[in-house]
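1. Give me a 3D structure for the following:
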Amino acid sequence: MRNFNQYLSEPNKSKKREGNTNFFIPENTISPPKSTRIPVFYNPLGEFKRDVMVTIVKTINRKNNNSMNFADALSGIGIGAIRVANESNVDRIFINDLNKKSLEFANLNVSINNLQDKSYISNLEAKHFLMSHGKSEQRFDFIEIDPFGCPSEFIDSAIQSININGVISLTATDGPVLCGIYPKVSLKKYGGYSLNTEYSSEIGVRLMYGSLASSALRYNLGICPLFSHTNKHYSKIYSQITHKYTRTLDNIGFLSHCFNCGYRQLAEAIIFSCTLCESNLRYAGPLWTGELFDAGIISDCTSLSNTPKETKLFDTSILECSIAEPFYVSDNITNILKKSSLPLFEIIEKMSNSGFKSSPTIFNPNGFRTEANIDEIKRLLN
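-> This is a model prediction of the structure:
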């Protein structure tokens, strides 16, 4: 690697800032790194995703008495890990990438943030990097896996290199697979069929948790979901890895959906006939049928979040975390009823006033969760 002054004198780089962290990126770095036009990838659209990760790491690190070892197995130029070190006061960060040019910028960014004493940079294939930390004294407290496409191929290596009660964060960018456009590809990659519905974003998250749970169970371990969120570019989950696998076994099942009336049900087994209209149901899974959020972690995140957008995300997820039923989309309901669109708050108020626990959802700005079934929703909104 070249020295620090050589980095600073290089042309064709730009200075950026996210959160409280300054860093350099190569110019024209929006295209993926497989492109021949550029050697390094930086995605400005991922800034909010990194904001959320920093807040979650900060929250968990406080519970660990500021002694966390954080690893980014596919770090690119290292911005996620460097922000974590700079803004969350973790003990050590491990930055790994196979792209040597990316690591040159990672070294530069570590230096300008004065993080040399707590940073370890390696140039390895991600699975090799993770497995090289498989010994108990070398394992991590938090592993970030953010590839292009599906993260599943890295899960086994991550589980073998995470401390018990440590956290694995997975990002998926293969939306069409998770959202039911290619259900057989989902089965191959995530171990469960996807399904194309108005709440496909939630199904995708449940498939990701299901894939993580399946790998953990092979090692007599379990998972405890902490937080998850999506947008049109990615789906992201955070989960603790625990010794307790019984609860994990109890939360693997299927989602059955009626495309005739809109009924949906999470259950241990596939439901083949709709309990409301007796139509044949289609299903997604196996997948995670349990809770998607940890209310305690999210409450602490709310107090530590740095932007209104983050605070709104965490506040909304607290409202919905106690409702297990998959969410509905308000416009779909009013279209079925052939009524004008209703404000979301009015729908939630009607549900709540009728004794059904209800809330908005972070998975869709027009979505809501409720304990009412589809027939009860239609009756109340008609």
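2. quick one: pLDDT of the closest residue in space to Phe105 that isn't next to it in sequence?
-> Leaving aside its sequence neighbours, Phe105 sits nearest to Ile77 (C-beta to C-beta, 6 or more residues apart in numbering; 4.1 Å). Where you see a C-beta, it was placed from the backbone N, CA and C, and this is true even at glycine. Model confidence at Ile77, expressed as pLDDT, equals 94.
3. in this structure, which helix has the most residues?
-> helix 200-218 (DSSP state H).
4. which element follows that helix toward the C-terminus?
-> Helices and strands here follow DSSP states H and E; after helix 200-218, the next one along the chain is strand 222-230.
5. Quick check: mean pLDDT of that next one?
-> Here the average pLDDT along strand 222-230 is 98.
6. Let me see the residues that make contact with that strand.
-> Strand 222-230 has contacts (C-beta atoms under 8 Å, 6 or more residues apart in numbering) with 52, 56, 167, 201, 204-205, 208-209, 212-213, 216, 235-249, 288, 290-294, 297-298, 301, 313, 317, 362-363.
7. Can you list the strands that that strand pairs with?
-> strand 235-242 (antiparallel) (DSSP bridges).
8. As CSV, could you dump the C-alpha coordinates of the partner strand?
-> Provided in CSV are the C-alpha atoms of strand 235-242 (Å, rounded to 0.1, in the frame of the first residue of the first chain):
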residue,chain,number,x,y,z
SER,A,235,-34.1,-5.6,2.1
LYS,A,236,-32.1,-5.6,5.4
ILE,A,237,-32.4,-7.7,8.6
TYR,A,238,-30.6,-7.7,11.9
SER,A,239,-30.6,-10.8,14.1
GLN,A,240,-29.0,-11.9,17.3
ILE,A,241,-27.6,-15.5,17.2
THR,A,242,-28.4,-17.4,20.4
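9. by how many degrees do that strand and helix 200-218 diverge?
-> Per axes from the mean of the first three to the mean of the last three C-alpha atoms, to 10 degrees, the angle that strand 235-242 makes with helix 200-218 is 30 degrees.
10. what sits up against strand 235-242?
-> 49, 52, 56, 159, 162, 164-172, 175, 178, 201, 204-205, 208-209, 212, 216, 221-230.
11. cutoff 7 Å now
-> 49, 56, 159, 162, 164-172, 178, 201, 204-205, 208-209, 212, 216, 221-229 (C-beta atoms under 7 Å, 6 or more residues apart in numbering).
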